[in-house]
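A.B. asks: need the 3D shape of this:
(chains A and B)
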Amino acid sequence: MDASADLLINAVISGLLLGGFYAAVSIGVAISFGMLDIVNIAHPAVILLGSYVAFIGNTVFGIDPILSTVILAPAFYLLGMAAYQIYYVAFERRDDQSLRGLSFFFGILFIAEVGLILGFGVDYRSVQAWYTQGNLDLGVVELPWRLLVPFLLGLAMVAGLQVFLSRTFVGRAVQAVAQDQGALRLMAANPVKIKRIAFGLSFATAAVAGAALIIIQPVEPSIGREYIGRIFAICVLGGLGSFPGMVIAAVALGVIESLTATFFGPSWAPAVSFGVLLVTLAVRPNGILGR
Amino acid sequence: MASSVAKAAERGTAPGLGNAAFFGVLVIAAAAIFGATRWFGNDYAFFAAYVVVQYIVLGTAWNILGGYTGYVNFGITAFFAIGAYSSVVLYKLTPWMPLPAMVAIGGVMAALVGLGTGYLTLRLRGVFFSIATLALAVVVQTLITNWDFVGGARGAYVLRPKLAPLIGGGYIEYLFLVMLGLCVVALATARAIERSALGFGFAAIRDDEAAAEASGVPTLKLKLVATALSGGFMGMAGAPLPYYVTYLDPASGFSLNYAVNAIAMPLIGGTSSWLGPVVGAVLVGGLQEYLRVTISSAINVLVAGVLMVVFVIVAPQGVVGLFQRKKR
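C.D. replies: Got it, this is the predicted structure:
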């Protein structure tokens, strides 16, 4: 096998693995933006918060990063419910989501970033666990555990939420909110309460995604901004509110980014998501599996 | 909300200064400010005042799109840095070019980028435009970082001339004068828009876009005009930056502070009129400068973000709105 074919295969495989991780990062926005119509651009900041929680748990208490965030996911769930309550009272009830609601999340994004800089400095932070080094050797290809574990974690989380949303009573209520809030109100169900639960869930996924992020790469406070374009490109390309579409889009973006990084250099990778986003908005704003 | 169109119409017909007279008042005010700063006789006064006036321009530019039409632009750093880096390019290619010409070219470049982004995304719901501008900031930064001619990730040095042309004194005085002139143009434009048919079209889009479209307002065209104007002024505000900082690298040119300040200041001051961004910029900019000198520079960047979040929750009409309510 010649060198460039080898390079190509490796790039595609690491892109696929990256895609599973991107799905974990994007699913929170797929819920908040895709189903609840709340444009939470501060989501990457919440993910980063999850990364730093995993970092503290790992370096101070020596806890496995995934374990620590799974323990803390309920705390993030409560944080999300509180955030939605503020958002509802201050913006949704006043019907002022577009200008001030967006600025609100932008302000939160900024405060979180500066807060993390004040608390942890601008150095890169990373965690130690058995899967942060080494490869799974499959003979033909070698899969780094560092990418494989977040990939599996992401897919498991997406599959779990898909089952939750389609099988349980609360999950179906969340889908009902996404379809028609007025009708839900006529059924004597309170859409605000259901949206609070769903927004809490989107924050809880950010806790787990944060652990995945710090396993894949060392983090520093401003890294969240890079993920805004990526996350929204994935959600829009996948079609808002569609989990399968989001996973396809996440994997596609992962592969394109990985190929770009391999053949044009890693410094070009952040521009890929913007290109994908613009082309999608211009050509097919409903996404590949849009409603 | 719907009543604000009526209110705007009322304001337009109401007696007040004409556009030319208002421009004259602004010029006199700017001359007085420049004279007072010169009388202060200290370079620091010019450096500090430059920042505040720069933020008035940025806030006013953001408000033309955000406050008047309701479309939120998060990509301020992209437009601002396009202006700054076009000056770096011009400095390397044609060092003899006067600064006002560089400002004009930087503005045109940024306006064109705004037009392109707007053309692709403004047909959709406003939030898609906002997300696209957020991503635009990242992609422009990627392009600049990979562009060796303007220094790439290492940054570029610009030699600031020692003496100011025309007016004498230090070059910082000239930079301040250029920014003041830009501020006068931006404010006069913003106020003229408010009182013109264009402004009523913008307000109609903000209040109910579907209704505006149905009653024959050319919404896409108006939104593109607003985006180009807003982006152009941001680019112009960024054009003198290389001479101000003398060393420009992507990390500082694309600092999130510019974006947060440019959004926070109109929201804190009030988005409904040209006065809001001025009030916000003077209040927040002054407070930041004070905190930077007395406490630390880490705290002063937090101020704008925290104030913005507090204001959008507690006082959505801003400082100007608080006073207007009292008057009634």
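A.B. asks: now the residue of the stretch 151-291 of chain A found nearest chain B, nearest residue through space, not along the chain?
C.D. replies: Going by CB to the nearest CB, chain B is nearest to residue A:229 of the stretch 151-291 of chain A, at 3.5 Å. The C-beta positions use only the backbone N, C-alpha and C, and glycine is treated the same way. The shortest distance from residue A:229 to any non-neighbouring residue, by CB to CB, 6 or more residues apart in numbering or on different chains, is to residue B:135 (3.5 Å).
A.B. asks: number of residues surrounding the residue of the stretch 151-291 of chain A closest to chain B?
C.D. replies: Neighbourhood size, residue A:229 [other CB atoms under 10 Å in any protein chain shown]: 26.
A.B. asks: quick one: distance of the helix or strand that contains it to the chain centre.
C.D. replies: If you go by DSSP states H and E, residue A:229 is part of helix A:224-238. Its chain's C-alpha centre lies 8 Å from the corresponding centre of helix A:224-238 when counted by CA atoms, centre = their mean, to the nearest Å.
A.B. asks: try stretch B:96-112
C.D. replies: 15 Å.
A.B. asks: what does it rub up against?
C.D. replies: By CB atoms under 8 Å, 6 or more residues apart in numbering or on different chains, the surrounding residues in contact with stretch B:96-112 are B:79-80, B:82-84, B:86-87, B:90-91, B:165, B:174-175, B:178, B:181-182, B:228-229, B:231-236, B:238-240, B:243.
A.B. asks: so which elements touch the helix-or-strand element of chain A with minimal mean pLDDT?
C.D. replies: Every helix and strand of chain A was ranked by mean pLDDT, DSSP states H and E. The lowest is strand A:135-137, at a mean of 79. Packing partners of strand A:135-137 (3 or more CB pairs under 8 Å, 6 or more residues apart in numbering or on different chains; DSSP states H and E): strand A:142-144, helix A:145-167.
A.B. asks: all helices for the stretch 151-291 of chain A, in order.
C.D. replies: Taking DSSP state H, counting those that start in this stretch, the helices of the stretch 151-291 of chain A run over residues A:169-179, A:181-186, A:191-216, A:224-238, A:243-264, A:269-283.
A.B. asks: so which strand or helix has the residue of chain B found nearest chain A?
C.D. replies: Nearest residue of chain B to chain A (CB to the nearest CB) works out as residue B:135 at 3.5 Å. Applying DSSP H and E as the criterion places residue B:135 in helix B:126-145.
A.B. asks: quick one, that helix and helix A:269-283 angle?
C.D. replies: 140 degrees (axes from the mean of the first three to the mean of the last three CA atoms, to 10 degrees).
A.B. asks: in chain B, which residue is most central in space?
C.D. replies: Closest residue to the average C-alpha location of chain B: residue B:58 at 1.4 Å, with CA atoms, centre = their mean.
A.B. asks: that residue contacts residue B:237, doesn't it?
C.D. replies: Yes: using CB atoms under 8 Å, residue B:58 is in contact with residue B:237, at 5.1 Å.
A.B. asks: overlap in contacts, those two.
C.D. replies: Joint contacts of residue B:58 and residue B:237 (CB under 8 Å, 6+ apart) are residue B:80.
A.B. asks: and the angle from the helix holding residue B:135 to helix A:224-238?
C.D. replies: 130 degrees.
A.B. asks: run a quick neighbour tally on residue B:269.
C.D. replies: 29.
A.B. asks: measure it to residue B:59 for me?
C.D. replies: 7 Å (CB to CB, to the nearest Å).
A.B. asks: how about the residues of the stretch 51-200 of chain A near chain B?
C.D. replies: Contacts of the stretch 51-200 of chain A with chain B, taken as CB under 8 Å from any CB of the partner chain, map to A:86, A:90-91, A:94-96, A:98-104, A:106-108, A:110-111, A:113-115, A:117-118.
A.B. asks: now with 10 Å, please.
C.D. replies: Counting by CB under 10 Å from any CB of the partner chain, the positions of the stretch 51-200 of chain A adjacent to chain B are A:86-87, A:89-91, A:94-115, A:117-118.
A.B. asks: and those, which of them are in helices?
C.D. replies: Taking DSSP state H, the ones among those that sit in helices are A:86-87, A:102-115, A:117-118.
A.B. asks: which among the residues you listed count as buried?
C.D. replies: A:87, A:102-114, A:117 (16 or more other CB atoms under 10 Å in any protein chain shown).
A.B. asks: just name the closest of the residues you listed to residue B:300, please.
C.D. replies: Nearest to residue B:300, judged by CB to CB, of these is residue A:114 at 10.3 Å.
A.B. asks: and the closest residue to that closest one other than its chain neighbours, how many residues sit next to it?
C.D. replies: Using CB to CB, 6+ apart and skipping residues adjacent in sequence, the residue nearest residue A:114 is residue B:302, 5.1 Å away. Residue B:302 sits with 18 neighbouring residues when counted by other CB under 10 Å.
A.B. asks: list the contacts of residue 86.
C.D. replies: All of this refers to chain A. A:104, A:108, B:309, B:313 (CB atoms under 10 Å, 6 or more residues apart in numbering or on different chains).
A.B. asks: chain B, not that one
C.D. replies: B:102-103, B:105-110, B:150, B:235, B:238-239, B:242.
A.B. asks: now do 8 Å
C.D. replies: B:102, B:105, B:106, B:109, B:235, B:239.
A.B. asks: gap between the closest residue in space to residue B:215 that isn't next to it in sequence and residue B:73?
C.D. replies: Excluding its sequence neighbours, the residue lying closest to residue B:215 (CB to CB, 6+ apart) is residue B:204, at 7.6 Å. Between residue B:204 and residue B:73 the computed distance is 19 Å (CB to CB).
A.B. asks: who's more crowded, those two?
C.D. replies: Each of residue B:204 and residue B:73 has its neighbours counted (other CB under 10 Å); residue B:73 has more, 30 against 22.
A.B. asks: list phi and psi for that one.
C.D. replies: Main-chain dihedrals, residue B:73, degrees, to the nearest 10: phi -100, psi 120.
A.B. asks: before we move on, what about the one 3 residues further on?
C.D. replies: Comment: the main-chain dihedrals of residue B:76 come out as phi -50, psi -40, following degrees, to the nearest 10.
A.B. asks: burial check on residue B:198, number of neighbours?
C.D. replies: Residue B:198 has 16 nearby residues by other CB under 10 Å.
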